[in-house]
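**Student:** Coordinates for the following, if possible.
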Amino acid sequence: MIRILLVAASVMALAAPALAQDAEDAARQERVRRILSRTPLIDGHNDLPWALRQNHGNDPHAVDLSTNLDAATYLHTDIPRLRAGGVGGQFWSVYVPASLTPPDAAVATFEQIDTVKRIVAAHPDVFALAYTADDVVRIHRSGRIASLIGMEGGYSIADSLGLLREFYDAGARYITLTHSRTTTWADSATDAPKWGGLSPFGEEVVREMNRLGMMVDLSHVSEETMLDAMRVSAAPVIFSHSSARAVTDHPRNVPDSVLRLMAEDGGIVMVTFVPGFVSEEVRSWNAARAAEEARLKSLNPGAPDVVTAGMTAWTAAHPVPVATLADVADHIEHVRDVAGIDHVGIGGDFDGVDSLPAGLEGVETYPALLSELIRRGWSEADIRKLAGENLLRVMRAVEAVAASQRDQRPALARIAE
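**Tutor:** Purely as a prediction, here's the structure:
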């Protein structure tokens, strides 16, 4: 009997630290939920509209967003998980590929805007369209999720400031100046440069965005484009979904040289969750995989089966590393440390990627990330800034610049032949 009691006591002693840890985690997450009940968590970038277009006939009714779709679909987003994640505002990305011609991209982008509006119309008790910072606050207080529209890829304006204005009138409140390719007026981070940043017409695009009240988004652009846009813009800029290059050396991330300018600019870097952007191990693995694929294709032209078999063998011998929630927290802290606590936010890129960090597999996981930051010593005031207050401040600053330029005529600049 004594032996049994001793064994039981040993088991309880071993279990006690784990139970205490669980209790601490639960207490932190409860603190997060109290914060998010008062402060809207606003994510800068979610590609649900594109996911619906690609896999569900562009129909918000093709899947039941009112149910948890985690097990039934590949989607990272649905209403129960948005609620569990405490999401108060979401910029829905109206992405279209850079491979489209500009006129085709313009059509597809308007169709994507229509998709966002149909998502909102399908669930009016959950979502409401937002166009201003005050809209976001009002909608969050009503218990709904403020739905904003962000364009991803300046090629969609088809080199037309008139079309830019039409996108603003349709509800778009930011434009990512490039995507993966350099455009006719701005250099991309992942393509050969053509302009050394922004062309003269690109500068006119930024100025007209200021006049309208549309945020200038510098995710995907080259460092030179970042610097040009910050020089030209009269309003703060944003990075809707980018992480820190000093932590993960990917050209899509923001270098410290730019982070150090954010306090003067007044803008915000919304840290993304994309594994290759937040884990140096994943980034290196992706680069090695791409090199091996290029090598096999050069050795086996016209033999795709050989390339496929070779890549299967390579992947089996080199398992992909796993990014983690802690990696994302490291990026958030780096941006805070270099740019300042007033210049960091969250832009997950859910439904725009095939894989996500462990612990951040869907939109329900924001509280776990914020809880980790509290564990690291973040105050509730700092969590509120990260979650939504910083972005609301930037939105109001952009709106104020537009109000100050209300008497200016629309720009008529055209791209040089």
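**Student:** does residue 191 really touch residue 155, like I thought?
**Tutor:** No: with contacts counted by CB atoms under 8 Å, residue 191 stays clear of residue 155, the gap being 11.8 Å. Where C-beta positions appear, they are placed from N, C-alpha and C, glycine not excepted.
**Student:** what touches both of those two?
**Tutor:** Shared contacts of residue 191 and residue 155, defined by CB atoms under 8 Å, 6 or more residues apart in numbering, comprise 178, 181.
**Student:** The two: which is more packed in?
**Tutor:** Using other CB atoms under 10 Å, the more surrounded residue of residue 191 and residue 155 is residue 155, with 26 against 17.
**Student:** What residues does that one make contact with?
**Tutor:** Residue 155 sits next to 98, 100, 102, 105, 178, 179, 181, 183, 184 when contact means CB under 8 Å, 6+ apart.
**Student:** now the helices for the stretch 1-150 of the chain?
**Tutor:** Secondary structure of the stretch 1-150 of the chain (DSSP state H, counting those that start in this stretch): helices located at 2-38, 48-55, 79-84, 102-122, 133-141.
**Student:** And the stretch 251-400 of the chain, by the same measure?
**Tutor:** Along the stretch 251-400 of the chain, the stretches classed as helices by DSSP H, counting those that start in this stretch are 256-259, 262-265, 275-278, 280-299, 304-317, 325-339, 366-375, 380-384, 390-404.
**Student:** Let's have those helices in a markdown table, adding mean neighbour count.
**Tutor:** Putting the helices of the stretch 251-400 of the chain into a markdown table (neighbours: other CB atoms under 10 Å) gives the following:
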| stretch | mean neighbour count |
| --- | --- |
| helix 256-259 | 19 |
| helix 262-265 | 16 |
| helix 275-278 | 26 |
| helix 280-299 | 15 |
| helix 304-317 | 13 |
| helix 325-339 | 22 |
| helix 366-375 | 21 |
| helix 380-384 | 16 |
| helix 390-404 | 20 |
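**Student:** got the contact list for stretch 364-382?
**Tutor:** For stretch 364-382, the external contacting residues (CB under 8 Å, 6+ apart) are 24-25, 28-29, 31-33, 35-36, 41, 43, 80-82, 84-87, 325-326, 328-329, 332-333, 336, 341, 346, 348, 359-360, 383, 386-387.
**Student:** do that again at 7 Å, thanks
**Tutor:** 25, 28-29, 31-33, 35, 41, 81, 84-87, 325-326, 328-329, 332, 341, 359-360, 383, 387 (CB atoms under 7 Å, 6 or more residues apart in numbering).
**Student:** Quick check on these: which are buried?
**Tutor:** Neighbour-count burial within the contacts of stretch 364-382 applies to 28-29, 31-32, 35, 41, 81, 84-87, 325, 328-329, 332, 359-360, 383, 387; the criterion is 16 or more other CB atoms under 10 Å.
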